[in-house]
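Asks: Give me the fold of what follows.
(2 chains)
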Amino acid sequence: DAMVIQNPRYQVTQFGKPVTLSCSQTLNHNVMYWYQQKSSQAPKLLFHYYDKDFNNEADTPDNFQSRRPNTSFCFLDIRSPGLGDAAMYLCATSRGAGGYHYEQYFGPGTRLTVT
Amino acid sequence: AQRVTQPEKLLSVFKGAPVELKCNYSYSGSPELFWYVQYSRQRLQLLLRHISRESIKGFTADLNKGETSFHLKKPFAQEEDSAMYYCALGGNYGGSQGNLIFGKGTKLSVKP
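Replies: I've put the predicted structure just below:
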């Protein structure tokens, strides 16, 4: 089945220790998104890639970076995680053209714990 | 500012009862509205979009621009409808098309 895969599903890191979350897709979609979702809150868009073009949200902290080496993979790097960065991180994809931007396909998420 | 408000964190109904999940939005342009659903232990997925004007799993939602609302309705709730429902607003934000703004979600619990 074509899908969006996130690894790992659970990640524990130490305060200040860099961590990378991974997302891959077999849908061949142009756009890949990273969302942060804290408990009882809405998913919040951090940034997205349209093909190789990176689009950062204005209020995304500099501590968060992303890489997209090819169509299939996208990474979320947190350079120095703080306790406030503990959250569920969702990866999503969309075709990105012809009105399909908003039909997004989500991965299962990675739950990040910062100790 | 663009905003999506779902006033109810939790909605509990009995099986067979009508259900309405409320969503209000704030957007200066022409909005595109969506409902996403997350069933237990499953990923977030698109339920329906206002542009399609379709019924999915018995759910419908009508965009009311006068009231800036996009409420999700189903005449007879089923236990399998129990899930987390998110209303989402699509538009151009900061010149970047394709971004969704999600509400905080409403947890629907359908009791037998």
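Asks: For chain B, give me the ranges with low pLDDT.
Replies: Applying pLDDT under 70 to chain B flags residues B:92-98.
Asks: List, one by one, the residues from it near chain A.
Replies: B:4, B:9, B:32, B:34, B:43-46, B:49, B:51, B:86, B:88, B:90, B:94, B:96-105 (Cβ under 8 Å from any Cβ of the partner chain). Any C-beta I mention is one placed from the backbone N, CA and C, and that applies to glycine too.
Asks: how about the one residue sitting closest to the centre of chain A, what does it touch?
Replies: Computing the C-alpha centroid of chain A and ranking residues by Cα atoms, centre = their mean puts A:Trp34 first, at 2.7 Å. By Cβ atoms under 8 Å, 6 or more residues apart in numbering or on different chains, A:Trp34 lies in contact with A:Cys23, A:Leu45, A:Leu46, A:Phe47, A:His48, A:Phe64, A:Ser66, A:Cys74, A:Leu76, A:Tyr89, A:Leu90, A:Cys91.
Asks: Which parts of chain B are strands?
Replies: B:3-5, B:10-14, B:19-21, B:24-26, B:32-38, B:45-49, B:60-61, B:72-74, B:83-93, B:96-102, B:106-111 (DSSP state E).
Asks: whoops, I mixed them up, chain A
Replies: Using DSSP E, strands in chain A cover A:4-7, A:10-13, A:19-25, A:31-37, A:44-50, A:53-56, A:64-67, A:73-78, A:87-94, A:105-106, A:110-114.
Asks: With mean pLDDT as new columns, can these be given to me in a markdown table?
Replies: Formatted as a markdown table, the strands of chain A follow (pLDDT from 0 to 100):
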| stretch | mean pLDDT |
| --- | --- |
| strand A:4-7 | 96 |
| strand A:10-13 | 96 |
| strand A:19-25 | 97 |
| strand A:31-37 | 95 |
| strand A:44-50 | 92 |
| strand A:53-56 | 92 |
| strand A:64-67 | 97 |
| strand A:73-78 | 97 |
| strand A:87-94 | 96 |
| strand A:105-106 | 94 |
| strand A:110-114 | 97 |
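Asks: Tell me which of the ones you listed lies nearest to B:Ile56.
Replies: strand A:105-106 (16.0 Å; Cβ to Cβ).
Asks: I'd like the strands of chain B written out as JSON lines, with distance to A:Gly82 added.
Replies: Formatted as JSON lines, the strands of chain B follow (distance: least, Cβ to Cβ, whole Å):
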{"stretch": "strand B:3-5", "distance to A:Gly82": "27"}
{"stretch": "strand B:10-14", "distance to A:Gly82": "30"}
{"stretch": "strand B:19-21", "distance to A:Gly82": "34"}
{"stretch": "strand B:24-26", "distance to A:Gly82": "31"}
{"stretch": "strand B:32-38", "distance to A:Gly82": "27"}
{"stretch": "strand B:45-49", "distance to A:Gly82": "31"}
{"stretch": "strand B:60-61", "distance to A:Gly82": "38"}
{"stretch": "strand B:72-74", "distance to A:Gly82": "36"}
{"stretch": "strand B:83-93", "distance to A:Gly82": "26"}
{"stretch": "strand B:96-102", "distance to A:Gly82": "23"}
{"stretch": "strand B:106-111", "distance to A:Gly82": "28"}
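Asks: Thanks a lot, catch you later.
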